[in-house]
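A predicted structure for the sequence below; I have some questions about it.
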Amino acid sequence: MSKPKKKAPAGATRLTQALRNALTQSADPRKAPAMQAYMKSEMPYHGVHTPELRALCQSLFDKHVLDSAEEWSDAVLQLWRDATHREERYCAIELAAAPQYAQFRTLETLPIYEEMIVNGAWWDYVDVLAANHIGELLRRYPREMGRTMRTWAKCDDNWKRRTAILCQLKFKQHTNPRLLYHNIEESLDIPNFFLRKAIGWALREYAKTEPSEVRRYVTAHAKDLHPLSRREAMKNLDVVGVVPLRRGRLYSAT
């Protein structure tokens, strides 16, 4: 006999319903098809652009306050799992990062993020979760999350690998280069565009703080790094000792 479905806390349901109603009211059917086509999404869009969506979220987050970690996590998962339009999942990501719920974001939150990364499996979801959500947990729990990111860096799921590469994207001078390089090197031989792009992007961001170190790393690994990764890494640097690469237009997944 299957267990009855757990009933979501009332506060979570009120917030998720308010968000869905607001998205429906703000929908612009003229914009939705182009947004869906650009993102190559099977899930349709309402046609609500990011600035409007974030303003809508902030207003409703302030109006519908969640009193516990259980209500917060249930609201995030309701929005994510029951989404009929892609903006609902963007709202779930916004709610997961809302400053007023920072105290709820602990290592127990990681399975929620993992579900969103694996289930979402596309760069518009994964990159925000990697840089902001996973990055926040890594700052708070460097030892535990460092081990987890090393594990993700060699797992079968390429979106978890991408997350492991990008999780320090905003760390600047606090970047752990050993963790960064380990996670990059686990994917050097995988012929996947999104991993190659992530490697270059992560190195390019680190180069804003440590240009000489990134130049050294790219030079030392010139034979191992895919041309796309090298080109991305060196976009803002004069490359010394690396064969110049032909410039070309690239699909942007950053």
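Perfect, I can see it now. Keep in mind that what you see is a predicted model, and the values were worked out from it rather than measured.

could you use CA atoms for every contact and neighbour count after this?
OK.

give me the pLDDT for Pro29.
Per-residue pLDDT puts Pro29 at 96.

give the contact list for the nearest residue to it once chain neighbours are set aside.
Counting by Cα to Cα, 6 or more residues apart in numbering, Gly47 is the residue found nearest to Pro29 once chain neighbours are left out, at 5.9 Å. Gly47 is in contact with Ala27, Asp28, Pro29, Arg30, Lys31, Ala32, Pro33, Met35, counting by Cα atoms under 8 Å, 6 or more residues apart in numbering.

gap between the last one and Glu87?
In this structure, Met35 and Glu87 are 11 Å apart, going by Cα to Cα, to the nearest Å.

list buried residues within the contacts of Gly47.
Ala27, Ala32, Met35 (16 or more other Cα atoms under 10 Å).

the second one contacts Ser41, correct?
Read it as Ala32. No. Between Ala32 and Ser41 there is no contact, the gap being 11.0 Å when judged by Cα atoms under 8 Å.

distance between stretch 147-155 and the chain's centre?
Centroid displacement of stretch 147-155 relative to its chain, using Cα atoms, centre = their mean, to the nearest Å, is 16 Å.

thinking again about what came up before, in helices, which of the contacts of Gly47 fall?
Ala32, Pro33, Met35 (DSSP state H).

any idea of the pLDDT on the first one?
Going back to what we said before, that points to Ala32. 97.

ok, and the closest non-adjacent residue to it?
Gly47 (3.9 Å).

surely Glu186 and Lys154 touch.
Yes. Using Cα under 8 Å, Glu186 is in contact with Lys154, at 5.8 Å.

so what pLDDT did Ala10 get?
On the pLDDT scale, Ala10 gets 81.

what's the neighbour count on it?
12 (other Cα atoms under 10 Å).

cool, Cys155 as well?
Using other Cα under 10 Å, Cys155 has 14 neighbouring residues.

who's in contact with the nearest residue to it once chain neighbours are set aside?
Closest residue to Cys155 apart from its sequence neighbours, by Cα to Cα, 6+ apart: Arg161 at 6.8 Å. By Cα under 8 Å, 6+ apart, the contact list for Arg161 reads Trp152, Ala153, Lys154, Cys155, Asn183, Ser187, Leu195.

SS state for the last one?
This means Leu195. helix (DSSP: H, G, I helix; E, B strand; the rest coil).

where do the helices sit along the chain?
Under DSSP H, the chain gives helices at 10-26, 32-39, 50-63, 69-81, 86-96, 110-120, 123-128, 135-140, 142-152, 158-166, 177-185, 193-207, 211-220, 227-233.

the last one - contacts with which helices or strands?
For helix 227-233, the packing partners by 3 or more Cα pairs under 8 Å, 6 or more residues apart in numbering; DSSP states H and E come out as helix 193-207, helix 211-220.

with the third one instead?
Using 3+ Cα pairs under 8 Å, 6+ apart as the contact criterion, the elements in contact with helix 50-63 are helix 10-26, helix 86-96.
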